[in-house]
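Model the following, please.
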Amino acid sequence: MKALVTGGEGGLGRAMRARLEREGYEVESLDLVGGFDVSDPAAWERVEAVDLAVLNAGILTAERELAKLRPEDYRRAVAVNVDGVVFGTQRLAQVMEGGTIVATASLAGLVGMPLDAIYSLTKHAVVGFVRSIAPAIAPIRINAICPGIADTPMLDRHDQRAMFAEAGFPLLHPEEVADAMWLAATSDGTGECWFVQPGRNPAPFRFANVPGPRRDGETVGLPPIAR
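Below you'll find the model as predicted:
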């Protein structure tokens, strides 16, 4: 069995690779440090079919003040966090006849994250994409995981570790996120978004239904969707 993990050299990526190797997969790591840019469509053209793909690459901007956000930092965050998932899914849908894709979103894709609004924007995009694209790429299954704050070197790069330690806020271990990835990968469902929080068992997040339209006081249901 073959698998790939983007961002495979980061804290979460390494834990995911180790988990997949324990499950018997031959795992390829696609990471910028190895010359693979997930935001480059040409790079994805060289990727072939696998049994399981984990689209995990992601970055923070760590800029709380929108007025100070540099355009290049905004565009790079969108490129890695959103384009990397979209281009990856597009390529895999071209070469895979089945199998599973797991995208790493974030709890910041389910709730607001004032510490980094742009990161939250990108992870909301991943959640919406996974939920929307799932029917279109069947029989490939695609799910997302939405971890809370994980104990990875990313916290050190953005000087956030001390803040969480001072507040006594529990952090996820990378291995816990990897375990959640495996649950999402082996789920029978598709289009699911699994929350991952310290001290809780990972599970698909239950989204609230939005109020539907009415005509002459009667509910008319969902709009027709062209296929």
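
for the protein, longest strand please?
strand 141-147 (DSSP state E).

Where does pLDDT dip in this protein?
Where the chain drops to pLDDT under 70, the residues are 154-168, 225-227.

For the chain, give the helix that spans the most residues.
In the chain, taking DSSP state H as the definition, the longest helix is helix 117-133.

Need the residues that contact it.
Applying Cβ atoms under 8 Å, 6 or more residues apart in numbering, the contact partners of helix 117-133 are 58-61, 63, 66, 69, 73-74, 77-78, 81-82, 85-86, 89, 103-106, 108-110, 112-113, 142-144, 146, 191, 193, 207. For glycine as for every other residue, the C-beta is placed from the backbone atoms N, C-alpha and C.

Derive a ChimeraX selection command for the buried subset of these.
Paste this into ChimeraX to select the buried members of these, with burial taken from 16 or more other Cβ atoms under 10 Å:
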select :58,59,60,61,63,69,73,74,77,78,81,82,85,86,89,103,104,105,106,108,109,110,113,142,143,144,146,191,193
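
for the chain, what spans make up the helices?
Under DSSP H, the chain gives helices at 11-22, 41-44, 71-78, 84-95, 117-133, 153-157, 161-167, 174-186.

Just the CA coordinates for the fourth one, please, in PDB.
What follows is helix 84-95, C-alpha atoms only, in PDB (Å, rounded to 0.1, in the frame of the first residue of the first chain):
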ATOM      1  CA  GLY A  84      -2.200  23.000  -1.700                       C
ATOM      2  CA  VAL A  85      -5.400  21.100  -0.800                       C
ATOM      3  CA  VAL A  86      -7.300  22.100  -4.000                       C
ATOM      4  CA  PHE A  87      -4.500  21.300  -6.400                       C
ATOM      5  CA  GLY A  88      -3.700  18.100  -4.500                       C
ATOM      6  CA  THR A  89      -7.200  16.900  -4.600                       C
ATOM      7  CA  GLN A  90      -7.600  17.800  -8.200                       C
ATOM      8  CA  ARG A  91      -4.500  15.800  -9.200                       C
ATOM      9  CA  LEU A  92      -5.400  12.800  -7.000                       C
ATOM     10  CA  ALA A  93      -8.900  12.700  -8.500                       C
ATOM     11  CA  GLN A  94      -7.300  12.500 -12.000                       C
ATOM     12  CA  VAL A  95      -5.100   9.500 -11.100                       C
END
